[in-house]
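> sharing a model that was predicted from the sequence below.
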Amino acid sequence: MAGKQFTKCVPRANYDGLCGVGLANLAYMLLYGLAEAILGLVLGALLGAGLGQVSCFMLAGAIAGFVTGLADGLQERFENQRLICISNDECALGRVAYHKTGPSKGFPAAIDNDFTMNLILVPHAQDTDQAIVMNDGAQGQRLLRRQFNDLSYDGYDPPNATLHCEFEGNRLRAVCNAARAAALPLGAAACICMFVPPLVCLALILAILAIFGLSGWFSGEDGSPADAATDPESGTVEDGDCVVVRGVHVYDAGHCEGWHEIHPVLHVQKLCGKDDADCIVGTCFEADSTDPAVQQRVNDLVTAWCRQLGQPQEDDVILRQKLPENR
């Protein structure tokens, strides 16, 4: 099973230069909102001229266009502009240091309802300094070492170094879709407000916002490892579990501090439960990363597990699975 993917990373050359989510998201929302409000204003004027209600239809068109534009701008920024591509296919092996579900983020932060986890990359301990991990001759060097020298880069949770991983949810997209659905009712309400008392107008607008806002919020599906699990047991992960993940390697410009992550995780396999000490020692082991023999062991182990994780997606495997004798 491949994990859900709603985002699309942008090449470094096409990055807009806006970091963070607050002002960057607002800039996109207002730009799109104003552009589509003007379009709605023009369409409303043309339609209203034919029906003899120019001012009412112009107001309705402008409001509907502005609301639609706000949703379009937010979704464009959040899904398509804040993640900068490093590699479309990367793999990592490590222990789960900690994780967070979408609902645990609370309101309003849970509009980003991705399931997140941070991996302690083999062969490091949890509190290993970032500089050591980034120069380990193995995973840390490949996944965490700075890629874009002209962009801010603090790494995740310095001075320690873990690899941030995200399984995507779609609440923001659901909310944006609900806003688009509410655009015409809000435009119509703005027109009606020209002819009714202010309290009636306010009640009508609040009712529309509540109905569509709640439907958008609660229709969003939370991100989960189960979406990307190679088997049922891998659908849940706990702190301390040893896992291998595969997905899109990006620089997250949604945070001005700057760091690399796997976003989204498209495949996950639990190799050892947190209480399986023998398995942990053999797979998600801790050792001196400056030892060339340890570096080779890590790279061989990662290569082997990542090959196994990617095998079900290989074209020849898919073709063989479709043969009648293998069904």
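Right, received. Where do you want to start?

> residue boundaries of the helices in the stretch 1-150 of the chain?
For the stretch 1-150 of the chain, the helices defined by DSSP state H, counting those that start in this stretch cover 22-51, 54-76, 130-133, 139-143.

> export those to JSON lines and tack on mean pLDDT?
Listed next are the helices of the stretch 1-150 of the chain as JSON lines, based on pLDDT from 0 to 100:
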{"stretch": "helix 22-51", "mean pLDDT": "93"}
{"stretch": "helix 54-76", "mean pLDDT": "96"}
{"stretch": "helix 130-133", "mean pLDDT": "94"}
{"stretch": "helix 139-143", "mean pLDDT": "96"}
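
> quick one: which of those helices is nearest Cys176?
In terms of CB to CB, the element of those nearest to Cys176 is helix 54-76, at 4.1 Å. For the C-beta atoms, the positions are set from N, CA and C on the backbone; glycine is no exception.

> format the helices of the stretch 1-150 of the chain as CSV; extra columns: distance to Asp89 and mean neighbour count.
Below are the helices of the stretch 1-150 of the chain laid out as CSV (distance: least, CB to CB, whole Å; neighbours: other CB atoms under 10 Å):
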stretch, distance to Asp89, mean neighbour count
helix 22-51, 27, 17
helix 54-76, 25, 23
helix 130-133, 21, 18
helix 139-143, 12, 22
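
> adding distance to Ala183, write the ones you listed out as CSV.
Below are the helices of the stretch 1-150 of the chain laid out as CSV (distance: least, CB to CB, whole Å):
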stretch, distance to Ala183
helix 22-51, 9
helix 54-76, 4
helix 130-133, 46
helix 139-143, 42
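
> nearest to Ser104, of those?
Proximity to Ser104 (CB to CB) singles out helix 22-51 among the helices of the stretch 1-150 of the chain, at 21.4 Å.

> and the helices of the stretch 1-150 of the chain: which comes nearest Val96?
Counting by CB to CB, Val96 lies closest to helix 139-143 out of the helices of the stretch 1-150 of the chain; the figure is 14.9 Å.

> what's the first helix or strand after the closest one?
Helices and strands here follow DSSP states H and E; after helix 139-143, the next one along the chain is strand 163-167.

> surely Leu144 meets Val133?
Yes - proximity of Leu144 to Val133 meets the contact threshold set by CB atoms under 8 Å, at 6.0 Å.

> quickly list what's touching both of the two.
121, 161 (CB atoms under 8 Å, 6 or more residues apart in numbering).

> thinking again about what came up before, of the helices of the stretch 1-150 of the chain, which is nearest Gly254?
helix 22-51 (8.0 Å).

> pLDDT weak spots in this protein?
Counting by pLDDT under 70, the ranges of the chain that qualify are 1, 311-327.

> quick one, domains of it?
According to automatic domain parsing, the chain comprises the domains 22-81+171-219, 83-170+223-288.

> how about those domains in CSV, adding distance to Thr7?
Below are the domains of the chain laid out as CSV (distance: least, CB to CB, whole Å):
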stretch, distance to Thr7
domain 22-81+171-219, 5
domain 83-170+223-288, 6
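
> looking at those domains, which is closest to Cys9?
domain 83-170+223-288 (3.9 Å).

> ends of that closest one, what's the gap?
End-to-end span of domain 83-170+223-288 (CA to CA, to the nearest Å): 33 Å.

> quick revisit: to Gln5, which of the domains of the chain lies closest?
domain 83-170+223-288 (5.0 Å).

> how far does the closest one sit from the chain's center?
Relative to the centre of its chain, domain 83-170+223-288 is centred 13 Å away, using CA atoms, centre = their mean, to the nearest Å.

> now do stretch 34-50
For stretch 34-50, the distance to the chain centre is 35 Å (CA atoms, centre = their mean).

> contact partners of that stretch?
With contact meaning CB under 8 Å, 6+ apart, stretch 34-50 is reached by 54-66, 68-69, 72, 187.

> could you redo the last one with a cut-off of 6 Å?
Outside stretch 34-50, the residues that touch it by CB atoms under 6 Å, 6 or more residues apart in numbering are 54, 57-58, 60-62, 64-66, 68-69.

> repeat for stretch 95-112
By CB under 6 Å, 6+ apart, the residues outside stretch 95-112 that reach it are 113, 115-118, 120, 126, 162, 169, 171-172, 222-223, 237, 239, 241-242, 284.

> got the CA coordinates for it in CSV?
Output of stretch 95-112 as CSV, limited to C-alpha atoms (Å, rounded to 0.1, in the frame of the first residue of the first chain):
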residue,chain,number,x,y,z
ARG,A,95,14.0,4.0,15.9
VAL,A,96,11.0,6.2,16.6
ALA,A,97,12.1,8.9,19.0
TYR,A,98,8.6,10.4,19.3
HIS,A,99,5.5,10.8,17.3
LYS,A,100,2.4,13.1,17.1
THR,A,101,-1.0,12.4,15.7
GLY,A,102,-3.1,15.1,13.9
PRO,A,103,-5.8,15.4,16.6
SER,A,104,-3.2,15.8,19.3
LYS,A,105,-2.1,19.1,17.8
GLY,A,106,-5.3,20.8,19.0
PHE,A,107,-7.3,23.6,17.3
PRO,A,108,-6.5,25.4,15.1
ALA,A,109,-3.1,23.7,14.5
ALA,A,110,-4.8,20.4,13.6
ILE,A,111,-5.8,21.9,10.3
ASP,A,112,-2.4,20.3,9.4
